[in-house]
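Undergrad: My questions concern the predicted model and sequence given below.
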Amino acid sequence: MQKIIIVGATSGIGREMARLYAGAGHLVGATGRRQELLYTLQLEFPNHVITECFDITGPGATAHLESLTRKLGGLDLLVYSAGWGEIMDSLDWAVDKGTVDVNVNGFLEAVHFAWRIFVDQGHGHLVTLSSIASIRGNRHSPAYSAAKAFQSTYFEGLSIKARHMKIPLYLTDVQPGFVDTQMAKGPGRFWVAPPEKAARQILQAINRRRWRVYVTHRWWIIAKIAKWIPSWLYHRIG
Ligand SMILES: NC(=O)c1ccc[n+]([C@@H]2O[C@H](COP(=O)([O-])OP(=O)(O)OC[C@H]3O[C@@H](n4cnc5c(N)ncnc54)[C@H](OP(=O)(O)O)[C@@H]3O)[C@@H](O)[C@H]2O)c1
């Protein structure tokens, strides 16, 4: 039985991952700001879900993660599924700041917390939900794509660091395309996957210790196109 923290498990992909892990008999520490949603998750799996309600961008975030780890009796896997962003035509300071707070500062706080534990105990697995949006700049949500690029690039660096340490410490950078949740924003949505399907594919990638995965799988085609499309063309059509 693994001890797993999912930051951002009140809804969407994180919640479905929590349900899959709890259903498989693991012990899941679920977090988020919406207490009532944590409560219903806990009711569904009373012996396999422990909850901690807090804002990952708040001052007590690390203390909450410590408290949850104590309640779980240890930590084997931490998934950072918390995320936020907004489509905007203008440039809005509040939106950009909120986006960086959750997707960069909260992310770093959770990753540092888990990294310390995993290095001390000599094993562990860190997972982040970045985005296909991390690959190129996006005029509709420049801070979101930049923040997700931070996550993915940071994870690549950490993953190399872990490999050099020669201990079983793994990292998985998940890059979803559109998944049918509150976060699937923007015009022209396509290949929208149900969150359960996305969660299943993410669990599979974690089991296989993949360092990067596109979800659903066919989004690797979009990732390849996004990487190789020349700037002169991307800047016209983007
Ligand atoms: N859906 C998509 O199309 C898509 C595509 C690419 C990447 N992603 C990424 O996938 C991840 C999961 O998103 P989702 O699609 O499952 O959307 P979601 O249903 O909106 O889930 C977002 C989760 O983040 C939590 N969260 C947000 N701000 C938080 C904060 N300040 N403190 C603590 N928790 C916070 C939310 O919990 P509370 O509101 O209860 O705090 C919620 O559990 C995100 O990182 C998102 O960027 C999604």
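TA: Arrived safely, thanks for sending. None of these values were measured; they are calculated from a predicted model.
Undergrad: Now for the residue nearest to Glu66 when sequence neighbours are not counted, how many residues are close by?
TA: Counting by CB to CB, 6 or more residues apart in numbering, Phe113 is the residue found nearest to Glu66 once chain neighbours are left out, at 7.5 Å. Heads up, the C-betas are built off the backbone N, CA and C, glycines and all. Residues near Phe113, counting by other CB atoms under 10 Å, number 21.
Undergrad: contacting residues around Phe113?
TA: 62, 65-66, 78 (CB atoms under 8 Å, 6 or more residues apart in numbering).
Undergrad: Sheet partners, orientation included, of the longest strand belonging to the chain?
TA: Ranked by number of residues, the top strand in the chain under DSSP state E is strand 169-176. Counting by DSSP bridges, the strands paired with strand 169-176 are strand 124-129 (parallel), strand 212-215 (parallel).
Undergrad: Pick the most buried one from the ones you listed.
TA: Greatest average neighbour count among the strands paired with strand 169-176 goes to strand 124-129 (a mean of 25), per mean count of other CB atoms under 10 Å.
Undergrad: what does that strand contact?
TA: So strand 124-129 is contacted by 8, 13-14, 75-81, 83, 107, 111, 114-115, 117-118, 151-152, 155, 158, 169-174, 176, 202, 206, 209 (CB under 8 Å, 6+ apart).
Undergrad: So what's the gap between it and the chain middle?
TA: 8 Å (CA atoms, centre = their mean, to the nearest Å).
Undergrad: check whether it contacts the ligand.
TA: Yes - using CB under 6 Å from any ligand atom, strand 124-129 reaches the ligand at Leu129.
Undergrad: just stretch 202-214 next, same as before
TA: No - contact between stretch 202-214 and the ligand is absent, the nearest approach being 9.7 Å (criterion: CB under 6 Å from any ligand atom).
Undergrad: Just the residues contacting that stretch, thanks.
TA: Here stretch 202-214 makes contact (CB under 8 Å, 6+ apart) with 13, 17, 20-21, 77, 125, 127, 129, 132, 152, 155-156, 159, 170-177, 201, 215, 220, 222-223.
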